[in-house]
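Participant: Fold the following and give me the result.
(chains A and B)
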There are 2 protein chains.
Amino acid sequence: MTSIGHRLASLSSHLSENSESQMKIVVCRDLGPDVMPLLRSRSELEIVVWPHDRPSERKWLLDNINGATGLIVVFGEAVTPELLEAAGPNLRVVSTMSVGYEHIDLAAVAARGIKVGYTPDVLTDAVADLSIMLALMASRNAGETMSLVQSGHWPLHSWSPFGFCGPQLSSDGTTKPRTIGFLGFGRIAQATLARLIPFGVKHVIYTGSPSSPPTLERDQALAKEYKLDSILRVDIAELAKESDVLFVLAPGGPKTRHIVNEEVLRKMKKTAILVNASRGTLVDSDALAKALKEKWIWGAGIDVVEGEPKVGMDHCLVKEPRCVVLPHIGSATLETRLAMAALAAKNVLAGVFGEPLPSELNLKS
Amino acid sequence: MTSIGHRLASLSSHLSENSESQMKIVVCRDLGPDVMPLLRSRSELEIVVWPHDRPSERKWLLDNINGATGLIVVFGEAVTPELLEAAGPNLRVVSTMSVGYEHIDLAAVAARGIKVGYTPDVLTDAVADLSIMLALMASRNAGETMSLVQSGHWPLHSWSPFGFCGPQLSSDGTTKPRTIGFLGFGRIAQATLARLIPFGVKHVIYTGSPSSPPTLERDQALAKEYKLDSILRVDIAELAKESDVLFVLAPGGPKTRHIVNEEVLRKMKKTAILVNASRGTLVDSDALAKALKEKWIWGAGIDVVEGEPKVGMDHCLVKEPRCVVLPHIGSATLETRLAMAALAAKNVLAGVFGEPLPSELNLKS
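Facilitator: The predicted structure follows:
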């Protein structure tokens, strides 16, 4: 694939010298055999693809971006004023294969009238699936029990009536039903809630953005659909105090940074589980490590860590046996990544041809 | 706890010399502060408890069992003719804190008219929860991705559009819905199915015991309740061929040994997931390791392994990166183990007082 990609890039580069009328699209990562033909099949386009299976080099991008009409990036490839300057006035659209856009200087693209495409919604199911997995793994001591097997200690382990027992996610009516809390109650949180219903969930609490409108009608509809006993919007102190499982599923950025801090964690139940499948910045890592070490809460399952991917073996959360840490694989399913890649390609195509983007970021709000 | 247990055991032993009228119950593992009082509060009983937090020693058991009316064991503590001989004619009931009873010589207890209590049903939810967790972990490469973080390699890992992608458990109508297969379709399998419905499951296949009666009415009721497009009883070849996720949830014993063998695994889809949360003997470990190594199937999540707990680092399945191996924690939740311990205590109490056992194993079938 890499050598084919390389040859195609050379070919594209060669063509560009000969066909001034072609519009150039720079693609920072090969989007695979199912999606690349969407771009390459258009004769009016010159497609320049980073030919390696690793992040594009800045120098390559700056060398190739000049004159481009469209740009496809993935999460982490910074779209800066310098890059936009190098691109020149033709650039109409930046399309990111991600739901997050912290890597794009939105003010700079807006000032140049460049559209931004992104890929929300299509990853809702993949992240909701992972949120359920993390809640179960944190409850059931998956980290510690897998380590026991992997390190060869199972043969030496003696069964005991309450060994490796954690709080049970499901309840059947004879045990106290779990209260499920959501910090942020958007699409992914609601998809996660749907998956929890057969686990016997009857009580839901959540926090919303202070500026968001009342949602009484939606909540009544959810209560009816899922036969809930209660669904309530609460403040974060109440959320911390009452949740048996607390799912952090809110946007990143400065407004939510360290919203889960020591004060919040100290209010939580000793048997509570914290799940974070949104952005690492929402949780204060040091506070969470302390909460786990001192057993303020039962366990945590996190797919994201502040400062990732610079999270090594000595990171305070990686060292906590009751913390399951995954390397940001929330959207990593074949089906979802394919849908994200296809949407990123469609966004860039719509942008270069001056059509409305299938999924355009609103830069005005 | 241990020293208190020891003192209580000594005290009990002392009392037994003085109160010939008391019935003796030998308890092979301390059942914890919530359950032990059920036994100790009865003045007409002498309770002898193994005082350590490890399996009872055979010599201790043989020394103490003489004259006992009741016996509580946990999974793995062998109830043999030798032990029954040592107990003598008073023994009325053997109560095991487990749903399995491979450790009890059923013919020997039946021949002596001894009742056997066990603890099925109460662990249904805990095992169904774990089955969902294992299906998600095997699909989403949880073993490999957790290892990446734990080994300190996350900082060196470069994101790629399809990195760590596995098949998605949920489907939303735009992607092909998953066919879920159950090898064995009893209570735990049906509880697992209930949990899968919000993941978009529409097609269910299962195998049942050849001797079990037709279940058309039940299946129609399930199809209606869960809005399934199809639910079909099939043979094992069809089950292997069509399942996207195959849950092994059938009883152990010689009839089902290695029912999942090389022939079955070769028929499965390349993207299929195998989950075993029942008994290790049902799956041929060598065949499964080969299937994973040669990529006949996508991945496996297993809570049980043939020959456990003698499963070390060099076990063929522990070495497979696509195999999540847990140390038989299916029922390990605080709520479920408490319910199992309480039921084991109630079974032994009913047995010694000549009442019907709340959960008695039918020794006649």
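Participant: now what about the longest strand anywhere in chain A, what contacts it?
Facilitator: Longest strand of chain A, by residue count under DSSP state E: strand A:68-74. Contact with strand A:68-74 is made by A:23-29, A:31, A:48, A:55, A:65, A:79, A:87, A:90-98, A:103-104, A:344-345, A:348-349, A:351-352, B:159, B:161, as judged by Cβ atoms under 8 Å, 6 or more residues apart in numbering or on different chains. No exception for glycine: its C-beta is placed from N, CA and C like everyone else's.
Participant: In helices, which of the residues you listed appear?
Facilitator: Within the contacts of strand A:68-74, residues falling in helices by DSSP state H are A:87, A:344-345, A:348-349, A:351-352.
Participant: Which pair of those spans the longest distance?
Facilitator: A:Ala87 and A:Ala345 (18.8 Å; Cβ to Cβ).
Participant: just the helices in the stretch 151-300 of chain A please.
Facilitator: A:187-196, A:216-226, A:236-242, A:262-267, A:285-293 (DSSP state H, counting those that start in this stretch).
Participant: Compare those helices and give me the one nearest B:Ser151.
Facilitator: Of all the helices of the stretch 151-300 of chain A, the one in closest proximity to B:Ser151, counting by Cβ to Cβ, is helix A:285-293 (19.0 Å).
Participant: any idea how far that closest one is from the chain center?
Facilitator: 22 Å (Cα atoms, centre = their mean, to the nearest Å).
Participant: ditto for stretch A:30-39
Facilitator: Taking mean C-alpha positions (Cα atoms, centre = their mean), stretch A:30-39 and its chain are 22 Å apart.
Participant: what is the mean pLDDT for it?
Facilitator: Summarised as a single mean, pLDDT over stretch A:30-39 is 95.
Participant: Next: stretch A:81-92.
Facilitator: In this model, stretch A:81-92 has a mean pLDDT of 97.
Participant: Name the residues that touch it?
Facilitator: A:23-24, A:61-62, A:65-71, A:105, A:108-109, A:112, A:114-115, A:351-352, A:354.
Participant: residues contacting the residue lying closest to A:Gly117 once chain neighbours are set aside?
Facilitator: Nearest non-adjacent residue to A:Gly117, counting by Cβ to Cβ, 6 or more residues apart in numbering or on different chains: A:Asn347, 2.7 Å away. If you count contacts by Cβ under 8 Å, 6+ apart, A:Asn347 has them with A:93, A:95, A:117-119, A:357-360.
Participant: Most neighbours of all those residues, which one?
Facilitator: Ranked by neighbour count (other Cβ atoms under 10 Å in any protein chain shown), these have A:Ser95 at the top, with 30 neighbours.
Participant: among the helices of the stretch 151-300 of chain A, which is the most enclosed?
Facilitator: Mean neighbours per residue, mean count of other Cβ atoms under 10 Å in any protein chain shown, is largest over these for helix A:187-196, with a mean of 22.
Participant: circling back to that earlier point, mean pLDDT and distance to chain B added to the helices of the stretch 151-300 of chain A, as JSON lines?
Facilitator: Below are those laid out as JSON lines (pLDDT from 0 to 100; distance: least, Cβ to the nearest Cβ, whole Å):
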{"stretch": "helix A:187-196", "mean pLDDT": "97", "distance to chain B": "5"}
{"stretch": "helix A:216-226", "mean pLDDT": "96", "distance to chain B": "10"}
{"stretch": "helix A:236-242", "mean pLDDT": "98", "distance to chain B": "19"}
{"stretch": "helix A:262-267", "mean pLDDT": "98", "distance to chain B": "21"}
{"stretch": "helix A:285-293", "mean pLDDT": "98", "distance to chain B": "13"}
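Participant: closest to B:Phe185 out of those helices?
Facilitator: helix A:187-196 (21.9 Å).
Participant: Off-centre distance for that closest one?
Facilitator: 15 Å.
Participant: How about residues contacting it?
Facilitator: Contact with helix A:187-196 is made by A:120-121, A:124-125, A:127-129, A:131-132, A:169, A:180, A:182, A:201, A:204, A:206, A:222, A:226, A:247, A:249, A:277-278, B:170, B:195, B:198-199, as judged by Cβ under 8 Å, 6+ apart.
Participant: In strands, which of those appear?
Facilitator: Short answer: the contacts of helix A:187-196 in strands (DSSP E) are A:180, A:182, A:204, A:206, A:247.
Participant: Just the closest of those to A:Trp154, please.
Facilitator: When the ones in strands among the contacts of helix A:187-196 are compared against A:Trp154 (criterion: Cβ to Cβ), the nearest one is A:Phe247, at 31.4 Å.
Participant: Residue numbers of the stretch 1-150 of chain A in contact with chain B?
Facilitator: A:29-32, A:53-55, A:74-76, A:97, A:125-126, A:128-130, A:132-133, A:136-137, A:139-143, A:145-146, A:148-150 (Cβ under 8 Å from any Cβ of the partner chain).
Participant: okay if I get the helices of the stretch 151-300 of chain A as TSV plus distance to B:Lys310?
Facilitator: Below are the helices of the stretch 151-300 of chain A laid out as TSV (distance: least, Cβ to Cβ, whole Å):
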stretch	distance to B:Lys310
helix A:187-196	37
helix A:216-226	45
helix A:236-242	44
helix A:262-267	40
helix A:285-293	32
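Participant: Sketch out the low-pLDDT regions of the stretch 251-365 of chain A for me.
Facilitator: For the stretch 251-365 of chain A, applying pLDDT under 70 flags the ranges A:365.
Participant: of all the residues in it, which ones are close to chain B?
Facilitator: Near chain B, when you scan the stretch 251-365 of chain A using Cβ under 8 Å from any Cβ, you find A:271, A:308-314, A:318, A:324-327, A:329, A:332-337, A:339-341.
Participant: Please spell out the ChimeraX selection for the buried subset of those.
Facilitator: Buried residues within those, by 16 or more other Cβ atoms under 10 Å in any protein chain shown, are selected in ChimeraX with:
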select /A:271,308,309,311,318,324,325,326,327,329,332,333,334,335,336,337,339,340,341
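Participant: Inside helices: which ones of the residues of the stretch 251-365 of chain A next to chain B?
Facilitator: Going by DSSP H, the helices hold A:334-337, A:339-341 from these.
Participant: Pick the one among those closest to A:Val234.
Facilitator: A:Thr336 (31.1 Å).
Participant: Give the closest residue to A:Asp286 in space, chain neighbours not counted.
Facilitator: Excluding the flanking residues, the one nearest A:Asp286 by Cβ to Cβ, 6+ apart is A:Cys316, at 6.0 Å.
Participant: that's a helix at the one you found, yeah?
Facilitator: No - the assignment for A:Cys316 (DSSP: H, G, I helix; E, B strand; the rest coil) gives coil, which keeps it out of a helix.
Participant: quick one: it from chain B, how far?
Facilitator: 13 Å (Cβ to the nearest Cβ, to the nearest Å).
Participant: how many neighbours does that residue have?
Facilitator: 17.
Participant: same question, A:Phe247
Facilitator: Neighbours of A:Phe247 (other Cβ under 10 Å): 30.
Participant: How much space separates it from A:Gly354?
Facilitator: 41 Å (Cβ to Cβ, to the nearest Å).
Participant: per-residue confidence for the closest residue to A:Lys364 other than its chain neighbours?
Facilitator: Closest residue to A:Lys364 apart from its sequence neighbours, by Cβ to Cβ, 6+ apart: A:Ala110 at 7.9 Å. Listed pLDDT for A:Ala110 reads 97.
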